[in-house]
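*Asks:* Following is a predicted model, sequence given first.
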Amino acid sequence: MNVFALFATRVADALKGLYPSITEEALSRIVVEPPRDAAHGDLSSNAAMVVAKPLGKNPRDVASALADHFKADKDVASVEVAGPGFLNFRLETPIWHDVLKSVAAQGAEFGKSNVGKGERVNVEYVSANPTGPMHVGHTRGAVFGDALASLMAYSGYDVTREYYINDAGSQIDTLARSTMLRYREALGETIEIPSGFYPGDYLVPVGQALKAEFGSTLLDKPEAEALALAKDRVLAAMMDLIRADLAKLNIHHDVFFSERQLHGQGGEVDTTLDWLRSQDMVYQGRLEPPKGKTPEDWEDREQTLFRATNYGDDVDRPLVKSNGAYTYFAADIAYHRNKYLRGFKHMVNVLGADHSGYVKRLQAAVKAVSHGEADIDVRICQLVRLLKNGEPFKMSKRSGDLVQLSDVVEEVGSDATRFMLLYRRNDAAMDFDFAVVKEQTRDNPVFYVQYAHARTYSVFRKVADELPDLDVTPAALAKADLSLLSSEADLELIKALAQWPRIVASAADAHEPHRVAFYLYELASAFHGFWAKGNQDVALRFVNADDSKLTAARLALVAAVRQVLVNGLNLLGVSAPEELS
RNA sequence: GGCCUCGUAGCUCAGGGGAUAGAGCAGCAGCCUUCUAAGCUGUUGGUCGGAGGUUCGAAUCCUCCCGAGGUCACCA
C-alpha cells in the first residue's frame, strides 16, 4: 500500500468531480508527498496551484473546495489550506496501522510496483575491456548498474543485464601477442615485454595453459594461426577472470554480447551499414579538425560519415578508419540496432566518466536505428578517489598495474563496497576512504543500516528471554492489537515505513539507486531513535515483560521495520546480517 | 576553443519547480545498575559559485560569466 499514490488518486478524482473540464495534462502534474516540515501534516499536495491556472481560478479557492471535499473522507483527520494554496492533510491513525498490516502481508513485495508494465529494458553495464582483471575504476559502474537493474526489475520492468565484450580491435591483437610472449616464457625462453604490450602477471597462467594444451607446436604454426588460437584462449581466460571478479560483488549478467560476432564478411556491421545507407544516414565527406586543438597527425581526407548531427550530435561521426577497418562506433551502431531488433525499446548504458563525450553519438545512433522508437539513458559514473585516512591513495601499484577490484573487496568486503558506492549520486565524483568504510560507527552508513537490522533480531531474542510464552510467529503478530501503537514515536516510525513505496518508485523512475541508500539510512536512524527513547521511557520499549499485548504490537512494528530494511538492502545487493560481530 | 558533469554549512554530501534549504562528521552541552552506548538527545554554523531571465513560486528550469574535473577525426 502506497499512501501517497492512494491520495494522489483521490485528489485527482475529487478534482474531476469538482471541475469536469479539467485536463489530464494538468492532473499529471499533481504531486502528493510528505511536506518538508512535518508540522504541516502527513501529506501535502500542490494540486490546487497546479490546476488553478488552466481552470482560470484562484489557487486558494480551488484548495478550499478540495478541503471541503476531503472533510468527508474517513481517513482524513484534518485538511488545511496553507500558503499559496498547499493542501495539507493529517490522516487518521488507523490508516497508518493499515500500512503495517500491508507490510506484513506483502513481505518482500512491499514496495514493488508495476510502473514498468512489464516492458523490456536492456541495462548494459561494466563492459570492461577483456584485457585483464577488473580494476577499481570499473567498480562503481558495476555496482551502480547492478543496483539499477534490480531496482527496475522491482518496479515492474522486464530487465536484461548485459555486458558488451570489446573483443575486437587492435588492443585484442596486442593482448594475443602479449599472451604469446608468456607462452614462450612458459616454454623456457627469457622474455622482455616491449612497451605497449600488456605486462600483467595475470597472463602468465594463460601462457602456461597454452603450453599445456599445445606443447611447443604453436611455434611451428604460421604466426596468424598461432595468434588466432592465443586470442581465443586468452579472451576466454580474461572473461573468466572478469566474471570471477564480478561474482565477488555478487554481480551476474544475463547476456555477454561479443563485439567480434558483429564483424566479418556479411556480419551485422556490414548489414547495418547497408541499412544506414538505404536510409540515407551515411555519406562520404570531410570533417573539420576540432577547434582550438588540431591533432598533430591530422589528415584531411574524405571518409564515410554517419549523419549524427541529424539526431542531436555535434558532428557527424566516422564509420571507417583510414586502414579500411570499421570504427568502434560503427560496431556500436550495429550493436544497438541489434538490441533494438531483439525487442528493447528502453536501453540504459552505464559508462565511466571518460566516456561522457560518447553520450550524444550513442543517443543519435539509437534514435537513428529505431527511427525514434527506442530511448536510451546513458548514466555516467564519475571518478572515485581512493583515500586511506584522508590521504590520496595511489591507484596504480606497479608498472601499469592498477589497484584491482578484488583488492578493494578483500579489504573492505562486498557489502561496504556496494553500499558506499551507492550512497552517492552517480554523476558526482566521490571519495572512498578505506578507513571510514571499515569503521563501525555512525560515520559509516553501511554499518549503521546493518546494525539497525541486527537490532530487530536482538529485540526478538530479548522477547524469547523475557516472554517465552508469547507467540511471535508472523501469523500471531498479524493478530496483534495495533491500536496500542498510538504514541508519537510509534506513528513516526510507521510513517517512515510508509515512505518506502514512493521512494522505490521515484528511484526507479529517475534511475537513481542512491535514493534507496539514503532512505535506508533515514529509516535506520528513525529506528535507532525509537530504541533510545525506550531508555528514557519504559512505555516506549519494544519489549515490556508485564504487557504482552503491547509487546506483540511493538513486535509487529519491529518486524515491519526489518522487512523494509531487508527489501531495501536486497535491492542494493547488500546483506542483512542478524548479528554484527 | 567545442562538448559533458559538478559547484549547497569548516569537511563529506542529500534535496533537482513548492512553504522557514537538510543529514552525518567536526565544535559545544548532555544521556550507560539500560531491549548491544557499535547507540541516542539538544545546540552552534548557509549571500545554495556570480549576474540576469522564465512564473503565483527558483538551490532546482533557461542564458551568460567564474571555478573544478573529464573529454575532443581515425584508439576502445
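*Replies:* Looks like it came in fine.

*Asks:* does the residue of the stretch 451-581 of chain A found nearest RNA strand B belong to a helix or a strand, and which?
*Replies:* Closest to RNA strand B within the stretch 451-581 of chain A is A:Gly534: 2.4 Å, counting by CB to the nearest atom of the strand. For the C-beta atoms, the positions are set from N, CA and C on the backbone; glycine is no exception. Using DSSP states H and E, A:Gly534 maps to helix A:514-536.

*Asks:* Have a look at chain A and report the helix or strand with the lowest mean pLDDT.
*Replies:* Taking mean pLDDT, DSSP states H and E as the measure, chain A has strand A:391-392 as its least confident helix or strand, at a mean of 72.

*Asks:* next SSE after that strand?
*Replies:* helix A:405-412.

*Asks:* The residue of the stretch 451-581 of chain A closest to RNA strand B: neighbouring residues, count only.
*Replies:* Look at A:Gly534: counted by other CB atoms under 10 Å, it has 17 neighbours.

*Asks:* which residues does it contact?
*Replies:* Taking CB atoms under 8 Å, 6 or more residues apart in numbering, we find A:Gly534 in contact with A:540-542.

*Asks:* tell me the SS of the closest residue to A:Pro295 other than its chain neighbours?
*Replies:* Closest residue to A:Pro295 apart from its sequence neighbours, by CB to CB, 6 or more residues apart in numbering: A:Pro289 at 7.0 Å. Per DSSP: H, G, I helix; E, B strand; the rest coil, the local secondary structure of A:Pro289 is coil.

*Asks:* mind showing which ranges of the stretch 401-550 of chain A have poor pLDDT?
*Replies:* Within the stretch 401-550 of chain A, the ranges that satisfy pLDDT under 70 run A:401-402, A:442.

*Asks:* Please list the residues of it that sit near RNA strand B.
*Replies:* Contact residues (CB under 7 Å from any atom of the strand) of the stretch 401-550 of chain A with RNA strand B: A:424-425, A:427-431, A:440-443, A:447-448, A:451, A:454-455, A:457-459, A:461-462, A:512, A:514-515, A:518, A:525, A:528-535, A:540-543.

*Asks:* In ChimeraX, how would I select the buried members of these?
*Replies:* Restricted to buried positions by 16 or more other CB atoms under 10 Å, the ChimeraX selection for those reads:
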select /A:424,430,447,448,451,454,455,458,459,512,514,515,518,525,530,531,534,540,541,542,543
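
*Asks:* Would you mark the buried spots in the host helix or strand of A:Leu100?
*Replies:* Take DSSP H and E as the rule and A:Leu100 turns out to sit in helix A:93-106. Going by neighbour count (16+ other CB under 10 Å), the buried part of helix A:93-106 is A:93, A:95-100, A:102-104.

*Asks:* pLDDT of stretch A:261-270, averaged?
*Replies:* Across stretch A:261-270, the average pLDDT comes to 94.

*Asks:* Please apply the same query to stretch A:149-160.
*Replies:* Mean pLDDT, stretch A:149-160: 97.

*Asks:* Could you pull up the contacting residues of the residue nearest to the spatial centre of chain A?
*Replies:* Among the residues of chain A, the one closest to the centroid is A:Leu148, at 2.3 Å (CA atoms, centre = their mean). A:Leu148 is in contact with A:123, A:125, A:348, A:350, A:379, A:511, A:513, counting by CB under 8 Å, 6+ apart.

*Asks:* So which elements touch the helix holding A:Leu100?
*Replies:* helix A:488-510, helix A:548-572 (3 or more CB pairs under 8 Å, 6 or more residues apart in numbering; DSSP states H and E).

*Asks:* on that earlier part again, where does the residue nearest to the centre of chain A sit: helix, strand or coil?
*Replies:* helix.

*Asks:* which parts of the stretch 1-150 of chain A sit against RNA strand B?
*Replies:* Selection of the stretch 1-150 of chain A residues close to RNA strand B by CB under 7 Å from any atom of the strand yields A:35-37, A:39-40, A:44, A:46, A:49-50, A:53, A:59, A:82-86, A:88, A:129.

*Asks:* quick one: which of these sit in strands?
*Replies:* Counting by DSSP state E, the part of these found in strands is A:44, A:82, A:86, A:88.
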